[in-house]
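Asker: Predicted model and sequence follow; I will ask about them next.
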Amino acid sequence: MAGVSAPAIEPVRADDRAAMDGWFGLLQVSHVHDAPELPPPCPVGHAARFSWPGFEPRAWVVREGHEVVAVAHLTLPQRENLTSAFADVLVAPAHRRLGLGSRLLDHVATDARTAGRTRLVLWTDRSPDGPDLGDGFLESVGARRGLAEMRRRLDLPVDRRRTSDLAASALESAQGYGLVQWTGPTPLEHLDDLAVLIGRMSTDAPMGDLVLDPQRWDAERVRERDAVAVRNGLRSVVTAAQAPDARLVAYTAASTCVVADGFASQGDTLVAPAHRGHRLGLWIKLANLELLLREHPEVRAIDTFNADDNRWMVAINEQLGFRPLRRQTDWELNL
């Protein structure tokens, strides 16, 4: 008796509404099953996932009938990291342990290799004390651990007395510096300074054993990033520290999805090396928290990621009240 053929792996285009909707449905089902405590998938961001500048996205789905039961997403950087690719594979809970994940990983690895990439970066996610089934799978295919991170959450509202005391203490150490804040795209007068700081995120932030290239940022790249973020449904708030010579020497950013699901994401925070030791990181994060809550009072929780060896930022976030929520590991697979 002839065996049943394996379901096809079909490419996805940005304008393929049925595939994109099926993919989003899979994200929703997996969210409820795997980690309902996390922010739900953002439909606006999902619809625009093929539009980020500087990256070539590719995606494939596997269907059972009309239902998307598995998806693989491959991202090929076009400006830096030209020998690397980033991948994510997701299989519907009811269809796991049937070989779909392995087939899709083989498929994206072959596609990345054909595109001239020699390294595939993937990630796994679990509760801090939960089983590491994804880790075991990646170890079995020869991937190595690159970066250990913890997702932390700040539940709102915060203790106002505690944050006020922290702000007063930070302000005392930050004498001589000023605050600059904005919402949405970066003001023209700050584009050059912010480009320098964003570029340092790729060199200064601890990356464990991940091998990634430094990023080259200028004012035009910042402007381009901001425009795409707005189109993709992200609403940002930014606070920067200004040195006596008026240059921006530290910044922090947070964002929410335009859907207003009650969650915010704390993104980059960086202090230029020559200006560390003045508690600028804590100061600007407290000020940005106030700005976020003024602009988006519907937010009830803020999530952020920190590398385990970034003890300085972990200490700041713990002072603010962030608690461990999920463990994430970034992996590298040589192709």
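Answerer: Nice, I can see it.
Asker: Identify each buried residue in stretch 218-230, please.
Answerer: 219, 221-222, 225-226, 229 (16 or more other CB atoms under 10 Å). For every residue, glycine as well, the C-beta is placed using N, CA and C.
Asker: ugh, wrong one, I meant stretch 62-82
Answerer: Residues of stretch 62-82 classed as buried by neighbour count (16+ other CB under 10 Å): 62-63, 68-77, 81.
Asker: List the buried residues of the lowest-mean-pLDDT helix or strand in the chain.
Answerer: Within the chain, no helix or strand scores below helix 133-140, which has a mean of 85 by mean pLDDT, DSSP states H and E. Across helix 133-140, burial judged by 16+ other CB under 10 Å covers 134-135, 137-138.
Asker: Would you mind listing the outside residues contacting it?
Answerer: Helix 133-140 has contacts (CB atoms under 8 Å, 6 or more residues apart in numbering) with 101, 122, 124-126, 329, 331, 333.
Asker: want to try a markdown table for those residues, with distance to Gly116, neighbour count and secondary structure as columns?
Answerer: Rendered in a markdown table, the data for the contacts of helix 133-140 read as follows (distance: CB to CB, whole Å; neighbours: other CB atoms under 10 Å; DSSP: H, G, I helix; E, B strand; the rest coil):
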| residue | distance to Gly116 | neighbour count | secondary structure |
| --- | --- | --- | --- |
| Gly101 | 25 | 19 | helix |
| Leu122 | 18 | 23 | strand |
| Thr124 | 26 | 18 | strand |
| Asp125 | 29 | 16 | strand |
| Arg126 | 32 | 17 | strand |
| Thr329 | 26 | 21 | strand |
| Trp331 | 21 | 22 | strand |
| Leu333 | 16 | 19 | strand |
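Asker: out of these, which one sits closest to Cys257?
Answerer: Checking the contacts of helix 133-140 against Cys257 by CB to CB gives Asp125 as the nearest, at 18.7 Å.
Asker: Distance from the least confident helix or strand of the chain to the middle of the chain?
Answerer: 21 Å (CA atoms, centre = their mean, to the nearest Å).
Asker: Next SSE downstream of that helix?
Answerer: strand 144-155 (DSSP states H and E).
Asker: other SSEs contacting that following strand?
Answerer: strand 301-307, helix 311-320, strand 323-334 (3 or more CB pairs under 8 Å, 6 or more residues apart in numbering; DSSP states H and E).
Asker: Convert the C-alpha atoms of the next helix or strand after it to CSV, please.
Answerer: As assigned by DSSP H and E, the chain's next helix or strand after strand 144-155 is helix 160-173. Provided in CSV are the C-alpha atoms of helix 160-173 (Å, rounded to 0.1, in the frame of the first residue of the first chain):
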residue,chain,number,x,y,z
ARG,A,160,4.7,55.8,43.0
ARG,A,161,6.5,56.4,46.2
ARG,A,162,9.2,53.9,45.2
THR,A,163,9.7,55.3,41.7
SER,A,164,9.7,58.9,43.0
ASP,A,165,12.5,58.0,45.5
LEU,A,166,14.5,56.3,42.7
ALA,A,167,14.0,59.3,40.4
ALA,A,168,15.2,61.7,43.0
SER,A,169,18.3,59.6,43.7
ALA,A,170,19.1,59.3,40.0
LEU,A,171,18.5,63.0,39.4
GLU,A,172,21.1,63.8,42.1
SER,A,173,23.7,61.7,40.2
